[in-house]
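Colleague: My questions concern the predicted model and sequence given below.
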Amino acid sequence: MSTKAALKIDWCTAEAARYAVENWHYSKQYPVSKNIKIGAWEGGQFVGAIMFATGANYQIGAPFGLKQTEICELVRVALRSHQTQVSRIMSIAMAFLRKHCPGTRAIISYADPVQGHHGGIYQAGNWIYLGMTSASFEYRHDGKRLQKRAYTGLNFGETFRRAPPAGTVKVPVPGKHKYFYPLDDAMRAQIAPLAKPYPKRPVDSKA
C-alpha cells in the first residue's frame with residue numbers, strides 16, 4: 001500500500017509559478033496583474049502554484065462593501081499530477097494567504113463555461129455561488145485566447161492601453177460562474193443570503 005506524500009504550502013518564486021501555469025494550467029497564460037504566488041509540494045516535489053491577484057480591478061470589492069485591499073481574486077490553480085485533493089490544497093493555500101496577508105477578508109474567483117468548467121473545486125471547498133457574470137467578449141489570435149486584461153486596460157486604470165496583435169478577432173462569450181469565499185464569520189454572514197444553488201456539472205465536463 002502506497003504512503004501519501006506530505007503536503008507543504010509556502011511562497012514560491014515567480015519563475016516556479018510561471019512554469020506551473022505555462023505547463024499545467026489549461027490557459028498556459030501567466031497573469032499580467034500584480035499577484036501573490038503560493039506553491040505546493042508533495043514529498044518535497046514541487047507540484048504547482050496557486051495564484052491570487054490584488055489591486056488589478058479597482059471595483060472588485062465594491063459590491064460587497066470591501067476596500068480594494070480587503071479582497072483578492074484567485075486567478076490560477078496550476079497543478080501537475082498530485083495526491084492531495086485540489087480543494088484541500090486550495091483550502092490550505094487560502095489559510096496561508098489569510099495568515100500572511102492580514103486584512104484580507106474575502107476571495108473571489110470565476111469558472112469559465114467556455115472551458116466546460118462549472119466550479120466543482122469551489123463547491124467542494126464550500127465557496128458561496130453568486131450566479132453568472134454578464135456576457136462579455138474575448139480576444140483570439142491564431143485560434144488562441146489572449147488575456148483581455150492585457151489590452152483593454154479595464155483593470156489597470158484608464159491610462160493603460162495597448163492594441164492587440166494584428167489579426168486579432170473579438171469573440172462574444174457567455175458570462176462566467178462567480179464564486180465568493182469569506183475569510184471571516186462576519187463576511188460569511190453578510191454574503192450567505194446572496195447564495196444561489198450550485199450549478200451542475202455539464203455533460204462531458206471534467207471541472
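Modeller: Received the coordinates, thanks. Numbering: from 1, shown residues only.
Colleague: Show me how this structure divides into domains.
Modeller: Listed by automatic domain parsing, the domain ranges of the chain are 7-132+176-190, 136-173.
Colleague: Compare the mean pLDDT across those and name the weakest.
Modeller: Here the lowest mean pLDDT among the domains of the chain goes to domain 136-173, at a mean of 64.
Colleague: Quote the end-to-end distance of that domain.
Modeller: 5 Å (C-alpha to C-alpha, to the nearest Å).
Colleague: Thr104 in helix, strand or coil?
Modeller: coil (DSSP: H, G, I helix; E, B strand; the rest coil).
Colleague: One more: Pro31?
Modeller: Following three-state DSSP, Pro31 is assigned to coil.
Colleague: For it, list the residues it contacts.
Modeller: 21, 51, 53, 75-76, 147 (C-beta atoms under 8 Å, 6 or more residues apart in numbering). Just so you know, the C-beta spots here come from the backbone N, C-alpha and C atoms, and that holds for glycine as well.
Colleague: Ok, Leu7 next?
Modeller: Contact analysis of Leu7 by C-beta under 8 Å, 6+ apart lists 40-42, 84, 88-89, 92.
Colleague: If any of these are buried, give me the PyMOL selection for them.
Modeller: In PyMOL syntax, the buried subset of the contacts of Leu7 is picked out as below (16 or more other C-beta atoms under 10 Å):
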select buried, resi 40+41+42+84+89+92
